[in-house]
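A.B. asks: only geometry, no sequence info:
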């Protein structure tokens, strides 16, 4: 199955999620690890579409999620910065999910700059992450 | 907001619904009315996208749905047959929702042919409608 860039943008406007997790992690300098993640969840009968997205972006994994759901997931900072983010900069989302994407991008650039290694930086990242994915009942 | 055909296909693969309602209706010859309906539901903050779809297809209405949700809805048989169905024939859905679309199209062609005016036709339509939108928890 070959996907078109605009189809992917429309599908992600509906089904995609940009999320930033922040976990305690004693090995990190500021005591926290920042885990940005791009996911698309579907019923397992549409796993083929998730595999086609993985092939399109050339990164990420397709795994089972909860019950009969499957997820396409990209977590690696390099893949997010070099493949996922440039794609959605070039093909902007049309729903308000674009605002989540912009916060997601901002956090990744802060992590790239090493901001997450200071307590001050972690607090800024936490504030941005806390404003994401609000008002979306999924 | 201007929409691309492939964006619409991707968005409907995620968020769209093809539904066939069958209601008792004493004025109809076989005692039933067939109500095919294409809908896309979104949080009200993305009403703009629904209005853009209405403008693209040149038919349908945008109305509030439940609570903070809005719906773009096309019900008219003529608009479904002349605008919605040709669009998704030309730009096929990529998820299994395509199978629902194909059943939806079949029912509309049966109604167009007057099959819904006989008890036999209504039973056939009911059987097809009963196979739609299964395994989708939304």
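C.D. replies: Arrived safely, thanks for sending. For clarity, every value in this text was computed on a predicted model and none was experimentally measured. Numbers count the residues shown, from 1 in each chain, chains lettered A, B, ... in the order given.
A.B. asks: and residue A:23, what helix or strand is that in?
C.D. replies: Using DSSP states H and E, residue A:23 sits in strand A:16-24.
A.B. asks: Any stretches of chain A with poor pLDDT?
C.D. replies: Counting by pLDDT under 70, chain A contains low-confidence ranges at A:135-138.
A.B. asks: what residues does it put near chain B?
C.D. replies: A:1, A:3-15, A:42-43, A:45-46, A:49, A:52, A:68, A:94-96, A:135-137 (Cβ under 8 Å from any Cβ of the partner chain). C-beta coordinates here come from the backbone N, C-alpha and C atoms, glycine included.
A.B. asks: Narrow those to those in helices?
C.D. replies: Those of the residues of chain A next to chain B mapping onto helices are A:5-15, A:49, A:52, per DSSP state H.
A.B. asks: Which of these ranks first by neighbour count?
C.D. replies: Each of those was scored for neighbours by other Cβ atoms under 10 Å in any protein chain shown, and residue A:10 scores highest at 29 neighbours.
A.B. asks: so who does that one touch?
C.D. replies: Contact analysis of residue A:10 by Cβ atoms under 8 Å, 6 or more residues apart in numbering or on different chains lists A:94, B:4, B:6, B:7, B:8, B:9, B:10, B:11, B:12, B:13, B:14.
A.B. asks: Equivalent analysis for residue A:31, please.
C.D. replies: A:24, A:25, A:119, A:122.
A.B. asks: Select the longest strand from chain A.
C.D. replies: Assignment by DSSP state E gives strand A:32-43 as the longest strand of chain A.
A.B. asks: Can you list the strands that it pairs with?
C.D. replies: Paired neighbours of strand A:32-43 in the sheet (DSSP bridges): strand A:16-24 (antiparallel), strand A:69-74 (antiparallel).
A.B. asks: Residues in contact with the first one: which ones?
C.D. replies: What it means is strand A:16-24. Strand A:16-24 has contacts (Cβ under 8 Å, 6+ apart) with A:31-41, A:97, A:100-101, A:103-104, A:107, A:122, A:125-126, A:128-129, A:132-133, A:138.
A.B. asks: do you know how far residue A:133 is from residue A:111?
C.D. replies: Distance, residue A:133 to residue A:111, by Cβ to Cβ, to the nearest Å: 18 Å.
A.B. asks: what residue is smack in the middle of chain A?
C.D. replies: residue A:38 (2.1 Å; Cα atoms, centre = their mean).
A.B. asks: mind listing what the closest residue to that residue other than its chain neighbours touches?
C.D. replies: Spatial nearest neighbour of residue A:38, excluding adjacent residues (Cβ to Cβ, 6 or more residues apart in numbering or on different chains): residue A:74 at 4.6 Å. Applying Cβ under 8 Å, 6+ apart, we find residue A:74 in contact with A:37, A:38, A:39, A:57, A:59, A:60, A:80, A:83, A:84.
A.B. asks: Number of residues surrounding the fifth one?
C.D. replies: As a burial measure, residue A:59 scores 16 neighbours (other Cβ under 10 Å).
A.B. asks: what's near enough to touch the nearest residue to residue A:72 once chain neighbours are set aside?
C.D. replies: Nearest residue to residue A:72, sequence neighbours excluded (Cβ to Cβ, 6+ apart): residue A:50, at 4.0 Å. Contact analysis of residue A:50 by Cβ under 8 Å, 6+ apart lists A:40, A:42, A:62, A:70, A:71, A:72.
A.B. asks: now residue A:73
C.D. replies: Contact analysis of residue A:73 by Cβ under 8 Å, 6+ apart lists A:37, A:38, A:39, A:60, A:61, A:62, A:63.
A.B. asks: before we move on, what about residue A:51?
C.D. replies: Contacts of residue A:51 by Cβ under 8 Å, 6+ apart are A:1, A:62, A:72.
A.B. asks: possible to save the contacts of residue A:10 as a markdown table with distance to residue B:90?
C.D. replies: Below are these laid out as a markdown table (distance: Cβ to Cβ, whole Å):
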| residue | distance to residue B:90 |
| --- | --- |
| A:94 | 21 |
| B:4 | 13 |
| B:6 | 11 |
| B:7 | 14 |
| B:8 | 11 |
| B:9 | 9 |
| B:10 | 15 |
| B:11 | 16 |
| B:12 | 13 |
| B:13 | 15 |
| B:14 | 19 |
